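Peer 1: Attaching a predicted model along with its sequence, questions to come.
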Amino acid sequence: MTSPTLVDSLSAALSRREAKSARRRLTVLPRTAVDFSSNDFLSLSTSSAYRERFLAHLNNTPPSFPLASGGSRLLDGNSAYAEELENFIATFHQAPTALLFNSGYDANVGALSSIPQPGDVILYDELIHASIHEGMRLSRAGPRKMFAHSSPIGLREALQPLMAEDPAIRNGQRNVFVVIESIYSMDGDVAPINEFIAVVDDLLPHGNGYFYVDEAHATGVFGPRGAGVVQELGVQDRMFIRVHTFGKALASHGAVVLCGPETRDYLINYARSLIYTTALGFPFLAAIRTAYELLSSGETELLQHRLQQLIRHLRQQLDDLHTPQSVMFEIDHFPTSPIISLRTSHPRQLASLCQSKGFVVRAIMPPTVPVGKERVRVCLHAGNTEVEIDGLAKVIQSWLERSPITESKL
């Protein structure tokens, strides 16, 4: 009997995932489908204003200007254009400095793997992104402790025992990083940042508490001119690091770490995801520049307002649904968020029906969300219409009326 080959082992792992209905696949959306799934919240990716400005940036460069970066930023990949873009972004976000990364994943891995010093403490929200987990896994930090999602009480309960055990935390000699997102990608809820600040100020009066906030899903959607939740609250000076990504509402690619000048220089020297990767080429930088020019000029504010109108309309349509008592179905939604979760134990069936009717939504299954938290994720965009929303609601209502589910409610 021959031993299983590596390919056999890979196939077996995929079969096990298939049996649990958790196997991932690449798909291509029909061009005629209505998008209720992507993170293109402002619909900039199909905006003529964005496209025209972006093409102008490309066409107005000298023919000799290189489109590719040619290497990492520490070798040949840096440019005056990249540094000017960082200064522009830092000014917009009212931050001391900015440092570009190739993706939000690279930014979180690079910053969290290098900045916490040996023995430092990391406290993190239980629903933070996989990239943050990867960065923490690679870090030299000591204790890493999870706290209940968006719970100031949970943060306090996680920190107090560590303080009791370690006088270095109490006297300010050991750093404590509090890692959160401003808006969470699956639930769409907004973190209680002011309440978290109050906990840290109370327990760590020596100033050794540092906030790390990922604003990926807030960028462009929340705050003044889309600057994010942190600036909406006016607490940007309290955040040690902010991460904004460009591949969602900004229809671009890459990410930026907002931080102080010493932290930026430290990342240039120690963040391996920056040091050992080819820098963003000019077309990517021009796309980012285009998005931030639209934000800075206020041209996206109408899109923000339009998005909020559609959010209210969809929520009203969902609230008006008639749900039979036998059907397991609940709506999870944070006011003003473009992300809405339709909780059901049969999300694949609901998503499949919506897709068959031309409405693209996604079933979100474990391990992306915990077991028992399965849902259909609905994302709204400024380019959606009330007619499209009404059509989606009708499909959901038809599924509820013919659903065979007889389980108890969530």
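Peer 2: Noted; the coordinates are in hand.
Peer 1: how near is the residue nearest in space to the middle of the chain to Leu74?
Peer 2: What sits nearest the mean C-alpha location of the chain, by C-alpha atoms, centre = their mean, is Ala216, with 3.7 Å. For Ala216, the distance to Leu74 equals 25 Å [C-beta to C-beta, to the nearest Å]. The way it works is simple: take the backbone N, C-alpha and C, and place the C-beta from them, glycine included.
Peer 1: For the residue nearest to the centre of the chain, list the residues it contacts.
Peer 2: The neighbours of Ala216, taking C-beta atoms under 8 Å, 6 or more residues apart in numbering as the test, are Gly104, His129, Glu181, Ile183, Ser185, Val243, His244, Thr245, Lys248, Ala255.
Peer 1: Which of these fall within helices?
Peer 2: Of the positions in these, Gly104 sit in helices, assigned by DSSP state H.
Peer 1: And the furthest pair within the contacts of Ala216?
Peer 2: Using C-beta to C-beta, the two most remote members of the contacts of Ala216 are Ile183 and Ala255, lying 15.2 Å apart.
Peer 1: of those two, who's got more company?
Peer 2: Neighbours per residue, other C-beta atoms under 10 Å: of Ile183 and Ala255, the larger number sits with Ala255, 27 against 24.
Peer 1: Phe101 is in contact with the more buried one, correct?
Peer 2: Yes. Ala255 is within contact range of Phe101, at 4.8 Å (criterion: C-beta atoms under 8 Å).
Peer 1: Need the residues touching each of those two.
Peer 2: Common neighbours of Ala255 and Phe101, using C-beta under 8 Å, 6+ apart, are Ala107.
Peer 1: where do the strands sit along the stretch 101-250 of the chain?
Peer 2: For the stretch 101-250 of the chain, the strands defined by DSSP state E, counting those that start in this stretch cover 121-125, 144-147, 176-181, 209-214, 239-245.
Peer 1: Looking at these, spot the one closest to Arg312.
Peer 2: Closest to Arg312 of the strands of the stretch 101-250 of the chain, according to C-beta to C-beta: strand 176-181, at 23.6 Å.
Peer 1: Could I get the buried residue list for the closest one?
Peer 2: Residues Val176, Phe177, Val178, Val179, Ile180, Glu181 are the ones in strand 176-181 that count as buried (16 or more other C-beta atoms under 10 Å).
Peer 1: still on that earlier bit, format the strands of the stretch 101-250 of the chain as TSV; extra columns: distance to Ala291 and mean pLDDT.
Peer 2: Compiled in TSV, those are given as follows (distance: least, C-beta to C-beta, whole Å; pLDDT from 0 to 100):
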stretch	distance to Ala291	mean pLDDT
strand 121-125	27	98
strand 144-147	33	97
strand 176-181	20	98
strand 209-214	18	98
strand 239-245	11	98
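Peer 1: With Ser114 as the reference, name the closest of these.
Peer 2: Per C-beta to C-beta, nearest to Ser114 of the strands of the stretch 101-250 of the chain: strand 239-245, 11.3 Å.
Peer 1: one step back: which of the contacts of Ala216 tops the neighbour count?
Peer 2: His244 (31 neighbours).
Peer 1: Could you double-check that that residue sits in contact with Glu215?
Peer 2: Yes. If you go by C-beta under 8 Å, His244 and Glu215 touch, sitting 5.1 Å apart.
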